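Chemist: Based on what follows, work out the 3D shape:
(2 chains, ligands or ions: 2)
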Amino acid sequence: MKAGTRLERILASGKFAVTAEAGPPKGTSAEVIRKKGELLRRCCDAVNVTDNQTAIVRMSSLAGCLLLRQQGIEPVMQMVVRDRNRLALQGDVLGAVALGINNILCLSGDHQKFGNHPTAKGVFDIDSIQLIQTLKMLRDEKKFISGEDVSGEVPVFIGAVANPFADPFEYRVSRLAKKVKAGADFIQTQAVYDVPKFARWMEMLTERGLDKKVHILAGVIPVRSAGMARYMRDYVPGVTVPDEIVTRMEKADNPKEEGVRIVLEIIEQLKDMPGVHGIHIMAVNWEDIVPEIVQKSGLMPRPVV
Amino acid sequence: MKTITSRKPIEEVTGYLDKCRKVYIIGCGTCATMCHTGGKSEILEMKEKIEGSGKKVTGWMIIPTACDELTKYALEEEAGRIKEADCVLAMTCAVGVQTIALHLKDSKPVYPALNTMFIGMEDSPGHFSEVCLQCGSCVLGRTAAICPLVRCSKSLLNGPCGGSSGGKCEVSEDVPCAWQLIYDRLSEMGRLDEMEKIEPFKDWSVSVAGGPRKIDAEAECTTTS
Ligand code: SF4
Ligand code: SF4
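Modeler: Ligands and ions are numbered 1, 2, ... in the order given. Modelled structure (predicted):
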């Protein structure tokens, strides 16, 4: 065991994991996080707290994770390299561990241009692969980037993201391999709508034996309206939504039900895909649908490990 | 090497000149002339604007290369007309502005009329692109001679982020993804395996983060010869 978190134990025992995302508020309300936590408590193994997602300032991921922890819910702390340099990142990792937050997900972060402070300076002192390396060094060698010793243990279960739908497609498996080499223990992918393309990517990575070295959790985002499907298709960087899904949503009498049906069909295929060890549900502003999705996918109750 | 400049908003310039009644204008015959920001016609245009606001332009000149040592002599030659003015308006890059301020004999403000943008390449007439941010530890040897620090919007060192799509960067349809370009060029050369290596942590101390940088070229020559 690297950190012994529930997420790690579930994945290590070969069980199919379920994680979900809880976005913190654009304000100070702890209640917002607690409510989302309560909703997700029984249907997920761990809950991701996003880090100034889409470059919009929100309550910090660290604070959100602590609030979940206090409720007895296991958090995954997301960290982007856009907003903090190597000193701040390492300091927050130490703080997180001290507070009992041991799952950490490393990301580049959307460009600041997309957010509510487009004139900000993007930090990008280190990149996401180097952040993975940093966590591994802190944990395994007990050293900072500078080579100096860390006092105490840094048990972290290291997560990274992968987007099989970005270009160049052929490079995407190499990039994953790089993240694994850097030290990633688990991967949460960008939302899967184009299942055949995702399957191709999975095939390529299993050919390289990467599924034996890292746990892949396939991302899903339920869409609740045709407008949202179109918006995701046309404007969200890195997301691919096939026209067929947009059409289905447009034609549906009850778009929310159709959205759930679509996501269930996708999850069904993901569950049987070799190398996929779990799913990660990102129900942005629609967290209350998550229990239903997990229930109907036959993934309830969550295992106790 | 070309220093690419752009004109400051005129309100910012007039804001600087607010307290001055008499202005001396200096342009540059090299980069700023090429960028059409500090050549003869831009100076004359500026002169007209300043005079139009009721101020006096005591004189103007174009220094062949404003960032050069010789600027000192150009300023000496024009000392009379500069002395008459309350301030100097420099239509040069920031290195020009600082060189002028350094060599100006009488103490009066030197105001920049331009924003210094980047060191760039002219990819088509009048169109410039940033290609280097002078990071102090060049990685071009590992990135197919395409700079990821300036050409990738996130200065990523280890390959394309998840926003790269159809050759474009996530920030704009008009920005090519640097890492797609690097990938393509390495692929053409059969060197894709190089993109599997993890690039080490960058040493920013030799870049802007390390405080003012200095190089003693003579000392470097003797140590390396
Ligand atoms: S790596 Fe550094 S020195 Fe080399 S081109 Fe890029 S910014 Fe300039
Ligand atoms: S899309 Fe390409 S250029 Fe843009 S930030 Fe990502 S890797 Fe860099």
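
Chemist: is it true that residue A:76 lies in a helix?
Modeler: No. Per DSSP: H, G, I helix; E, B strand; the rest coil, residue A:76 lies outside any helix segment and is strand.

Chemist: how close does it get to residue B:113?
Modeler: 52 Å (CB to CB, to the nearest Å). (Each C-beta comes from the backbone N, C-alpha and C, glycine too.)

Chemist: try residue A:107
Modeler: Distance from residue A:107 to residue B:113, by CB to CB: 42 Å.

Chemist: what does residue A:179 give?
Modeler: Computed with CB to CB, the distance linking residue A:179 and residue B:113 is 48 Å.

Chemist: Residue B:149 now?
Modeler: Plainly put, residue B:149 is 29 Å away from residue B:113 if you go by CB to CB.

Chemist: Looking at these two, which is more packed in?
Modeler: Using other CB atoms under 10 Å in any protein chain shown, the more surrounded residue of residue B:149 and residue B:113 is residue B:113, with 26 against 23.

Chemist: which residues sit in contact with the closest residue to the more buried one other than its chain neighbours?
Modeler: Using CB to CB, 6 or more residues apart in numbering or on different chains and skipping the chain neighbours, the partner closest in space to residue B:113 is residue B:91 (4.5 Å). Contacts for residue B:91 (CB atoms under 8 Å, 6 or more residues apart in numbering or on different chains) come out as B:25-28, B:32, B:37-38, B:42-43, B:46, B:113-114.

Chemist: Most neighbours among the residues you listed, which one is it?
Modeler: For the contacts of residue B:91, neighbours tallied by other CB under 10 Å; top is residue B:28, 33 neighbours.

Chemist: List the buried residues in stretch B:4-15.
Modeler: Of the residues in stretch B:4-15, B:4-5, B:7-8, B:13 count as buried by neighbour count, 16 or more other CB atoms under 10 Å in any protein chain shown.

Chemist: chain center to that stretch, what's the gap?
Modeler: For stretch B:4-15, the separation from the chain centroid amounts to 15 Å (computed by CA atoms, centre = their mean, to the nearest Å).

Chemist: I'd like to know which helix or strand in chain A has the lowest mean pLDDT.
Modeler: Least confident helix or strand, chain A: helix A:226-235 with a mean of 94, by mean pLDDT, DSSP states H and E.

Chemist: Give me the nearest residue to the residue of chain A found nearest chain B, chain neighbours excluded.
Modeler: Chain B sits closest to residue A:163 of chain A, with a gap of 3.2 Å, by CB to the nearest CB. Leaving aside its sequence neighbours, residue A:163 sits nearest to residue B:162 (CB to CB, 6+ apart; 3.2 Å).

Chemist: Can you check the pLDDT for the residue nearest to residue B:113?
Modeler: Residue B:91 carries a pLDDT value of 98.

Chemist: Got the phi and psi for it?
Modeler: phi -100, psi 60 (degrees, to the nearest 10).

Chemist: contacting residues around the nearest residue to residue A:111 once chain neighbours are set aside?
Modeler: Distances taken as CB to CB, 6+ apart place residue B:171 nearest to residue A:111, at 5.0 Å, with adjacent residues excluded. Counting by CB under 8 Å, 6+ apart, residue B:171 touches A:111, A:113-114, B:153, B:163.

Chemist: ok, residue B:171 to ligand 2 distance?
Modeler: Taking CB to the nearest ligand atom, to the nearest Å as the measure, residue B:171 falls 6 Å from ligand 2.

Chemist: how about the helices in chain B?
Modeler: B:10-17, B:31-34, B:40-52, B:71-77, B:79-84, B:94-103, B:148-151, B:178-188, B:217-224 (DSSP state H).

Chemist: can you pull the pLDDT of residue 97?
Modeler: No chain was given, so I picked chain A. Looking at residue A:97, its pLDDT stands at 98.

Chemist: that answer is for a different chain, and I need it for chain B
Modeler: Model confidence at residue B:97 (pLDDT) stands at 97.

Chemist: just for chain B, where's the confidence low?
Modeler: For chain B, the stretches with pLDDT under 70 are B:1, B:221-225.

Chemist: residues from it in reach of ligand 2?
Modeler: B:152-154, B:156, B:160-161, B:163-164, B:169-170, B:177-179 (CB under 6 Å from any ligand atom).

Chemist: okay, now the residue of the stretch 51-200 of chain A found nearest ligand 2: neighbour count?
Modeler: Per CB to the nearest ligand atom, residue A:111 is where the stretch 51-200 of chain A lies closest to ligand 2, at 6.2 Å. By other CB under 10 Å, the residues close to residue A:111 number 22.

Chemist: Residue B:99 contacts residue B:66, doesn't it?
Modeler: Yes. Residue B:99 lies in contact with residue B:66 (CB atoms under 8 Å); the separation is 6.1 Å.

Chemist: So which of the two has more stuff around it?
Modeler: residue B:66 (28 against 25).

Chemist: so who does residue 195 touch?
Modeler: Picked chain A for this. With CB under 8 Å, 6+ apart, residue A:195 has these contacts: A:266, A:269-270.

Chemist: wait, chain B
Modeler: Shown in contact with residue B:195 (CB under 8 Å, 6+ apart): A:171, A:174, B:159, B:182-183, B:186.

Chemist: now residue B:56: how far from ligand 1?
Modeler: As judged by CB to the nearest ligand atom, residue B:56 and ligand 1 stand 44 Å apart.

Chemist: That residue and chain A, how far apart?
Modeler: 37 Å (CB to the nearest CB, to the nearest Å).

Chemist: Secondary structure class of residue A:167, three-state.
Modeler: Per three-state DSSP, residue A:167 ends up coil.

Chemist: what's the nearest residue to it if we skip its chain neighbours?
Modeler: Among residues not flanking residue A:167 along the chain, residue B:164 sits closest, at 5.1 Å (CB to CB, 6+ apart).

Chemist: Was I right to think that neighbour contacts residue B:180?
Modeler: Yes. Between residue B:164 and residue B:180 there is a contact under CB under 8 Å: 5.7 Å.

Chemist: out of the two, which sits in the busier spot?
Modeler: Neighbour comparison, residue B:164 and residue B:180: the larger count goes to residue B:164, with 27 against 22 (by other CB under 10 Å).

Chemist: By residue count, tell me the biggest strand in chain B.
Modeler: Using DSSP state E to define each element, chain B has its longest strand at strand B:114-124.

Chemist: quick one: buried residues of that strand?
Modeler: B:114, B:116-120.

Chemist: Columns distance to residue A:100 on top of those residues, output as CSV?
Modeler: What follows is these, written out as CSV (distance: CB to CB, whole Å):
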residue, distance to residue A:100
B:114, 54
B:116, 49
B:117, 48
B:118, 46
B:119, 48
B:120, 50
